[in-house]
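A.B. asks: Sequence and predicted structure, then a few things I'm wondering about:
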Amino acid sequence: MREMSASNNATQGGQLQQPQKHYGITSSISLAFPRELDHIYTQKLTEAMKPFGVFEDEEELNHRLVVLGKLNDLVKEWIAEISETKNLPLSAIANVGGKIFTFGSYRLGVHTKGADIDALCVSPRHVERPDFFQSFFEKLKLHEGIKDLRAVEDAFVPVIKFKFDSIEIDLLFARLALPAIPDNLDLRGDSHLRNLDIRCIRSLNGCRVTDEILHLVPNKENFRLTLRAIKLWAKRRGIYSNMLGFLGGVSWAMLVARTCQLYPNAVAATLVHKFFLVFSKWEWPNPVLLKQPEESNLNLPVWDPRVNPLDRYHLMPIITPAYPQQNSTYNVSTSTRTIMTEEFKHGLAITDEILLGKVEWSKLFEPPNLFQKYKHYIVLTASASTEENHLEWIGLVESKIRVLVGNLERNEYITLAHVNPQSFPGSKEHCNEKDFVSMWFIGISFKKVENAESVNIDLTYDIQAFTDTVYRQANNISMLKDGMKIEATHVKKRQLHQYLPPDVLQKKKKSIAEINRNSNGGGSKRCSLDGNPLDSSRDTDSGTPFSSPVPASKPSKPNTDAEDSQNITPSKIPAMCVDGSPPIQPSAKTDLGMSIPVIGSKPVDAPAVKSVQPSAGSTIPTVVGLNVIPRLASPTNSQTVQMLLNGVTNANYTAPKRPHSPSMEESPKRLKDTEKLTVSDDSTFKEPYPPDNGGQEQDPGQVLESLGGTKPMPIPTIDTSRSQRLPSNELPDASSPLPTSNLRVIKNSIRLTLNR
């Protein structure tokens with residue numbers, strides 16, 4: 001694609017400026033320089049963020065540098081010792097090197113107080129991965145400054161976790177095909193990926209993506225302050241979690257970087273406003289790209305919908321700039337994309353008012369009250385008998401919650417499933433006092449019922465498919481232990497007080513002292529078993545809580561969705577559990593929630609729902625006027641490697657919304673896969689660029705229409721309105737048996753009657 005020059009000249013104060021470097025794959029929207037008022041608003045933004053603990057003082061920053069220096073020395077010392085045991089000559093041992101690289105929020109310069117450091121240990125070719133997890137692990141164990149040491153060798157991205165002088169560190173490992181690692185090594189070169197195994201490529205990806213993002217922004221300081229504000233906003237609004245299907249740290253960083261490219265001279269206050277302007281109008285699933293994808297002769301699979309059919313199902317693609325380019329948002333579902341889009345629009349409305357002087361920046365960071373927004377909720381409870389088992393168990397359960405969201409949103413009577421990223425401790429009324437319990441809440445919007453007095457809704461299948469997935473996964477990795485349970489319960493808004501304390505439901509005001517205490521807090525860290533290699537930054541920075549500081553000025557208005565005019569009551573029909581056990585009459589306490597546990601029953605494998613491929617007649621318009629008919633053939637070898645990069649081992653195509661209560665024997669019929677793909681090579685990875693504007697800001701409506709608006713984009717992407725891609729690592733092979741031991745597997749029957 002031929003890049004346009006951003007502008008031949010830009011003026012400030014009537015003086016001629018030199019041509020500016022071009023950033024991104026399109027020209028800038030505006031080259032306007034900041035006014036004095038913009039600097040004032042930026043200062044106010046900085047002050048508004050301080051109570052949330054997003055800035056570290058000089059002493060804390062220096063402490064991190066000292067710790068990283070000690071760790072770097074440890075790595076060099078260990079590599080020299082390993083080299084000696086492998087009989088390298090003394091001259092080689094003296095120069096063998098080794099180095100610690102950082103990535104994620106710390107490398108970007110946007111980490112918060114108390115946040116961990118994501119780091120990478122790079123070794124020469126004669127040091128192997130088992131050496132890292134054995135001899136280096138033992139060396140760390142002997143160091144007096146290191147606490148809470150644990151290795152997760154079988155994770156998607158293998159990692160050693162520990163605290164070094166009170167700083168939490170997640171340390172990855174990569175072995176390069178080099179005889180020695182010099183101190184000035186630059187990982188941005190693609191040649192470093194040659195002849196590496198997939199785990200090393202994943203481990204290097206975090207550093208390479210972070211460095212590339214910093215290289216592609218016009219002004220690093222403006223980028224960092226803007227990113228701090230957007231990350232704080234996303235956490236406060238409950239949409240910061242890659243694991244749960246929202247966006248993680250690297251995805252937010254790329255969206256902010258794209259905004260900086262479009263407004264290269266703007267300061268943070270302006271960039272925050274433009275961020276919401278751009279992405280509230282973005283036409284998803286058009287991809288966000290920071291640079292034109294580059295070809296390489298390494299033959300690694302990259303995100304490319306022309307070649308990989310699975311890539312066409314991604315709903316909100318944000319593409320990493322470093323080779324091999326990947327989509328960092330493949331967990332996004334229909335529901336989470338809808339929620340984030342509404343939040344972008346809400347952010348735009350608030351920043352419009354801020355820049356008009358009507359409200360302060362603190363208004364932007366007010367948290368929503370999810371517990372006032374919906375009339376119906378699913379309460380997901382995970383419990384274990386010991387604290388150690390509980391931490392392990394909730395890590396697995398939380399990593400699979402997006403499977404439950406996907407199941408629910410495909411139900412024909414559900415329009416939205418909104419999970420709150422924050423978990424809560426179990427209430428004493430509903431849990432065994434000896435158990436360790438965590439709860440998640442999923443708000444549900446039901447579709448308005450037309451021409452019917454009442455409709456029966458059965459969520460049993462949706463819940464059971466999710467619990468079976470979790471139990472199978474736990475059984476496959478030998479995690480499942482006695483006392484580990486999952487239970488899902490339907491409750492109404494008026495029943496939430498039985499599960500949550502009043503201050504959570506009402507969002508009472510807090511003092512500045514409480515703000516500072518909470519902003520330094522942090523829960524236990526957990527490792528996802530199917531972590532995202534593209535977003536190694538933590539989903540939830542422990543230094544920035546989801547809910548605290550800024551009080552809402554007024555209670556959130558309850559959602560007035562279609563279901564507000566309806567009433568959902570428990571079905572009077574006796575509930576039959578999916579395992580075929582006889583119906584259980586609900587007791588008088590059933591009003592606490594429609595959960596009917598069946599203890600000790602032998603689990604039955606849930607039927608695998610066959611996925612439905614687009615019909616041969618479905619077409620996708622492209623900018624060059626072609627109708628692209630997707631070809632959904634069996635994955636090729638290169639596609640198999642692509643799935644390995646994404647943690648997917650079996651393609652699982654999108655399924656349409658299914659009836660809410662499928663029988664055990666029925667499943668959607670698979671369509672014939674006779675489609676053929678036709679697309680022009682020139683039409684891929686291009687944002688329609690706005691016309692050259694001579695440094696003057698263009699009309700935002702016209703420009704954003706060209707960037708992500710109504711004009712069709714040239715990327716062949718399938719976006720079915722009510723479907724979600726579920727990678728197969730979320731749904732273990734149906735042949736994998738459910739645990740058949742005497743473990744307490746709880747099954748629920750949740751049936752409702754939807755009245756007019």
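C.D. replies: Here it is on my side, so go on.
A.B. asks: Which helix or strand in this protein has the lowest average pLDDT?
C.D. replies: strand 620-621 (a mean of 29; mean pLDDT, DSSP states H and E).
A.B. asks: longest strand of the protein?
C.D. replies: Taking DSSP state E as the criterion, the chain has its longest strand at strand 436-446.
A.B. asks: Report the strands that pair with it, each with its relative direction.
C.D. replies: Strand 436-446 has its sheet partners listed here by DSSP bridges as strand 376-384 (antiparallel), strand 414-419 (antiparallel), strand 424-425 (antiparallel).
A.B. asks: Give me the helices and strands touching the helix or strand just after the first one, please.
C.D. replies: What that stands for is strand 376-384. Later in the chain than strand 376-384, the nearest helix or strand by DSSP states H and E is helix 387-409. Using 3 or more C-beta pairs under 8 Å, 6 or more residues apart in numbering; DSSP states H and E, the elements in contact with helix 387-409 are helix 334-355, strand 376-384, strand 414-419, strand 436-446, helix 460-476. The C-beta positions use only the backbone N, C-alpha and C, and glycine is treated the same way.
A.B. asks: and the ones you listed as JSON lines, adding distance to Val75?
C.D. replies: Conversion of those to JSON lines gives the following (distance: least, C-beta to C-beta, whole Å):
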{"stretch": "helix 334-355", "distance to Val75": "38"}
{"stretch": "strand 376-384", "distance to Val75": "36"}
{"stretch": "strand 414-419", "distance to Val75": "39"}
{"stretch": "strand 436-446", "distance to Val75": "36"}
{"stretch": "helix 460-476", "distance to Val75": "34"}
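A.B. asks: and stretch 295-308, C-alpha only, in PDB?
C.D. replies: Extracted in PDB, the C-alpha atoms of stretch 295-308 (Å, rounded to 0.1, in the frame of the first residue of the first chain):
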ATOM      1  CA  GLU A 295       6.600 -10.400   4.900                       C
ATOM      2  CA  SER A 296       9.200 -12.700   6.200                       C
ATOM      3  CA  ASN A 297      10.800 -15.900   4.900                       C
ATOM      4  CA  LEU A 298      10.500 -17.700   8.300                       C
ATOM      5  CA  ASN A 299       7.100 -19.100   7.200                       C
ATOM      6  CA  LEU A 300       5.400 -18.600  10.600                       C
ATOM      7  CA  PRO A 301       1.600 -18.300  10.500                       C
ATOM      8  CA  VAL A 302       0.300 -14.700  10.800                       C
ATOM      9  CA  TRP A 303      -3.200 -13.200  11.100                       C
ATOM     10  CA  ASP A 304      -4.600 -13.200   7.600                       C
ATOM     11  CA  PRO A 305      -8.200 -13.800   6.900                       C
ATOM     12  CA  ARG A 306      -7.400 -14.500   3.200                       C
ATOM     13  CA  VAL A 307      -5.500 -17.600   4.200                       C
ATOM     14  CA  ASN A 308      -6.800 -18.600   7.600                       C
END
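A.B. asks: That one: which residues count as buried?
C.D. replies: 300-308 (16 or more other C-beta atoms under 10 Å).
A.B. asks: Put together TSV for the residues you listed, with pLDDT on each row.
C.D. replies: Shown next, in TSV, are the buried residues of stretch 295-308 (pLDDT from 0 to 100):
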residue	pLDDT
Leu300	88
Pro301	88
Val302	92
Trp303	94
Asp304	93
Pro305	92
Arg306	90
Val307	91
Asn308	92
